[in-house]
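1. could you work out the structure for the sequence below:
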Amino acid sequence: MISISTRIWAGVVSLALLPLTAMAGEKDANAPANKPAAAAGTAAVPAAGLGSNTDPLLRLLVNKGVLTAMEANGLMGGPANQVHSRLLLLLKDKGVLSAEDLGSLDTPSSGATTGGDAQPAPAATANAATVDPQHTGPPQAPQTASSGPVPAVAPIRVLSLEPPKREGLIPDISIGKNIHIKPYGFFKASVAYDSQSPYGNDFPLPGFIGDINGPDNISEFHIKSRALRLGTNFEWLDLSPNIVVTGKVELDFEGNFSRSNNRNISSIRSSAPTIRLGYARVDWKHTDNTSFFLLAGQDWTPFASSTLPNLFETTGLGVGFGTLYERDPQFRFGFNHKLGGDRNWQIGPEFAVVLPAFGNLPANVADQLGDGERQGVDSGRPELQARIVTQFQLDRAQNVAPAQIIVSGVQADRSAVVLASAVPAAFKAAFPTGARVDSSRQAWTGEIQLPTRWATLVAKYYNGSDLRYYFGGQLFGPFNDTTGLTGTATAPSIDGSSTLVFGNRSGVPVIANSLPPRSQGGFVNLGLPLSRWANADPQGRNAGWVMYLHYGYDQALARDVRREGGGRMKGDLFAPQMQYKLNSFVTFVVEESLYRTRAIPLTATGNFPLFAGRPQREMHDFRSEFGTIFTF
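-> Numbering: from 1, shown residues only. The predicted model follows:
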């Protein structure tokens, strides 16, 4: 009796010949009607829930309980030339086939070996099939190889350069024939100790923010369990094979603690869910090498967010220490063009119209709930962002992701409005209807992601003004240029988030200009695939060892800080990290980090800011964090 595994292997081989079978069917379409069909007996095997045109092999696998009817229909609904590879991956996920089995199927017919690092991948698709970069942001667990050696370190990628393929999503849930849904997520729990943490947060912030002078260093201990991230990918099938419609919804529980009577006592463990991503995307395949897209919704911003470091502490992800990123509502347009060549070159320019935001803090809860912030939208114009990405295969060894070089830029305006009722009495005659002060954000970044079989280098440099919203510039906002003003008086902006200055210049009543602080910074993140170095078994327990070395830096211009009143001017972060992936679901991480903030003297006193009872030029937080990541 033939075993089920033997039948499956026979079916896999026959499925590889599906294109030839289809061609033969076309040639026999004009055959006499009384000619018997070769596969008639197999096609007659009943299988509930399958379409009439379902392949006989898939019917067999459904009848044997290997596949469900929904999975078989999903495979048949895709392009004929992709059914073979999609079935193989599905059988591997179910445990029917092993990585070695897939490796033997993927071996080139020339007889070249595929197990060593020195063997180039047969084509760019070989890397794409074995390396699955994360698209939801850090943390990033080591990848699992489907064949070949242990994967190199894959950079975290929250941008999608290559357009999604039609029915490229193997769904966990299908609604009708045209809606495919695939949930995903992770749960992270960690234990953290900070040597200096005066704010009470369970994540680090730059030092010298506000009045933090206390009796000592105020060290803290936290157990964090609110990093639960849930997401769902969607695909809606269009009538046209050249149009792909996809979407994503993602949330986490990193938001504010719930505030209600039944939660007051236990609010510390009752964090609220908040949206991270929520968008839909339409891709149009113009030619085999060129496609266009439109994305509408909340996504990672084209400016600054393309490159992220792999840090275990993701609540702030290096806030004020050189990371620079944001997620924002936007309409984004772009195209992807495949240049080809032996390095599989691609280029992707993008342009986005983005919600203008500056990270203001309204003075009261009512303003915060009603407006969030408004100085960006009060400018009456959108924020403009652009990005150009160049992708290529730097290292053609197996299981190495493509490299990317990215340049991005941003321009936006903000307006601080003073109502007529808030204008100081001495200036009401000159400003009877109130006043408005405008300022501008302009910045650019250069970013690289260079994966190789030995190490993966990820780096970013940024330079610009008013980068508080992107967690740069030491989180400073604009300052008032009061040079040459006399008889000054202050007034709050309409949202209470800033204070503006009125005065006289050469006897003429004016309102002081609002100047954005200038800053620069960046980071270098190096991923080391220790298991690959040791030639570990890709399916063994020692395949998941990865080390990361990280350094980040953020600095506000010193003369701008002095006009802000002095205090913190620059911060840097050094963070080595070790990850061990037990299996495809569980990863253990330990991270030791040093968060350091340096200050210049305060303008008012000429002394350094006070901390732990004395003036200090530097604050440094030694942070130790250990935890687990459960991925599903």
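2. now Pro615: how far from Gly380?
-> Pro615 is 45 Å from Gly380, where distance means C-beta to C-beta, to the nearest Å. Using the backbone N, CA and C atoms, a C-beta is placed for each residue, glycine as well.
3. make that Ser408, sorry
-> Going from Ser408 to Gly380 by C-beta to C-beta gives 24 Å.
4. higher neighbour count, the two?
-> Each of Ser408 and Gly380 has its neighbours counted (other C-beta atoms under 10 Å); Ser408 has more, 26 against 8.
5. helix/strand/coil for that one?
-> Under the three-state scheme (DSSP: H, G, I helix; E, B strand; the rest coil), Ser408 adopts strand.
6. the nearest residue to it once chain neighbours are set aside: neighbouring residues, count only.
-> Nearest residue to Ser408, sequence neighbours excluded (C-beta to C-beta, 6 or more residues apart in numbering): Arg387, at 4.2 Å. Number of residues near Arg387 (other C-beta under 10 Å) recorded here: 25.
7. each with direction, which strands does the helix or strand containing Arg387 pair with?
-> Taking DSSP states H and E as the criterion, Arg387 maps to strand 383-392. Using DSSP bridges, the strands paired with strand 383-392 are strand 345-354 (antiparallel), strand 403-418 (antiparallel).
8. contacts for it, please.
-> 159, 161-162, 301-303, 306, 328, 330, 343-357, 376, 402-412, 441 (C-beta atoms under 8 Å, 6 or more residues apart in numbering).
9. export it to CSV, keeping only CA atoms.
-> Backbone C-alpha positions of strand 383-392 (Å, rounded to 0.1, in the frame of the first residue of the first chain) are rendered in CSV as follows:
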residue,chain,number,x,y,z
GLU,A,383,3.4,68.5,5.4
LEU,A,384,5.3,67.4,2.3
GLN,A,385,7.6,64.4,2.4
ALA,A,386,9.6,62.5,-0.2
ARG,A,387,11.8,59.4,-0.3
ILE,A,388,13.9,57.6,-2.8
VAL,A,389,15.0,54.0,-2.2
THR,A,390,17.6,52.0,-4.1
GLN,A,391,17.6,48.3,-3.5
PHE,A,392,20.2,45.7,-4.7
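10. buried members of the contacts of strand 383-392 into ChimeraX, please.
-> Provided next is the ChimeraX selection string for whichever of the contacts of strand 383-392 are buried by 16 or more other C-beta atoms under 10 Å:
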select :159,161,301,302,303,306,328,330,343,344,346,347,348,350,352,354,355,356,357,376,402,403,404,405,406,408,409,410,411,412,441
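11. shouldn't Ile268 be within a helix?
-> Yes - secondary structure of Ile268 (three-state DSSP): part of a helix.
12. count the residues that sit near it.
-> Ile268: 9 surrounding residues under other C-beta under 10 Å.
13. residue contacts, it?
-> Residues counted as contacts of Ile268 (C-beta under 8 Å, 6+ apart) are Phe257.
14. is it true that Gly544 touches Val589?
-> No - counting by C-beta atoms under 8 Å, Gly544 does not reach Val589; the two are 11.0 Å apart.
15. intersection of neighbour lists for those two?
-> By C-beta under 8 Å, 6+ apart, Gly544 and Val589 have these common neighbours: Gln579, Tyr580.
16. where are the low-confidence patches of the chain?
-> Within the chain, the ranges that satisfy pLDDT under 70 run 1-53, 64, 70, 77-82, 92-95, 98-142, 145-146, 364-365, 368-370.
17. rerun that using 50 as the cut-off
-> Along the chain, the parts satisfying pLDDT under 50 run over 1-46, 107-134.
18. ranges for the helices of it?
-> 4-16, 18-27, 40-43, 56-63, 69-76, 83-93, 99-106, 124-130, 365-371, 530-533, 558-564 (DSSP state H).
19. pull the CA atoms of the last one into CSV?
-> Put plainly, it is helix 558-564. Output of helix 558-564 as CSV, limited to C-alpha atoms (Å, rounded to 0.1, in the frame of the first residue of the first chain):
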residue,chain,number,x,y,z
ALA,A,558,24.3,74.9,21.3
ARG,A,559,23.3,78.5,20.6
ASP,A,560,19.7,77.4,20.1
VAL,A,561,19.7,75.6,23.4
ARG,A,562,21.0,78.7,25.1
ARG,A,563,18.1,80.7,23.7
GLU,A,564,15.8,77.9,25.0
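20. quick one: buried residues of it?
-> Burial within helix 558-564, assessed by neighbour count using 16+ other C-beta under 10 Å, is assigned to Asp560, Val561, Arg562, Arg563, Glu564.
21. contact partners for the fourth one?
-> Contacts for Arg563 (C-beta under 8 Å, 6+ apart) come out as Phe479, Asp481, Leu515, Thr603.
22. what residues does Phe523 make contact with?
-> Phe523 neighbours (C-beta under 8 Å, 6+ apart): Pro309, Gly318, Phe321, Gly322, Thr323, Ala459, Lys460, His550, Tyr551, Gly552, Tyr553, Leu573.
23. buried among these? Make that a PyMOL selection.
-> Applied in PyMOL, the following selects the buried portion of the contacts of Phe523 according to 16+ other C-beta under 10 Å:
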select buried, resi 309+318+321+322+323+459+460+550+551+552+553+573
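24. okay, the contacts of Phe523 in JSON lines with distance to Pro155 next?
-> Formatted as JSON lines, these follow (distance: C-beta to C-beta, whole Å):
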{"residue": "Pro309", "distance to Pro155": "9"}
{"residue": "Gly318", "distance to Pro155": "16"}
{"residue": "Phe321", "distance to Pro155": "19"}
{"residue": "Gly322", "distance to Pro155": "17"}
{"residue": "Thr323", "distance to Pro155": "14"}
{"residue": "Ala459", "distance to Pro155": "10"}
{"residue": "Lys460", "distance to Pro155": "11"}
{"residue": "His550", "distance to Pro155": "13"}
{"residue": "Tyr551", "distance to Pro155": "16"}
{"residue": "Gly552", "distance to Pro155": "16"}
{"residue": "Tyr553", "distance to Pro155": "20"}
{"residue": "Leu573", "distance to Pro155": "19"}
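25. now, the contacts of Phe523 that are in strands?
-> Counted as lying in strands by DSSP state E, out of the contacts of Phe523, are Ala459, Lys460, His550, Tyr551, Gly552, Tyr553, Leu573.
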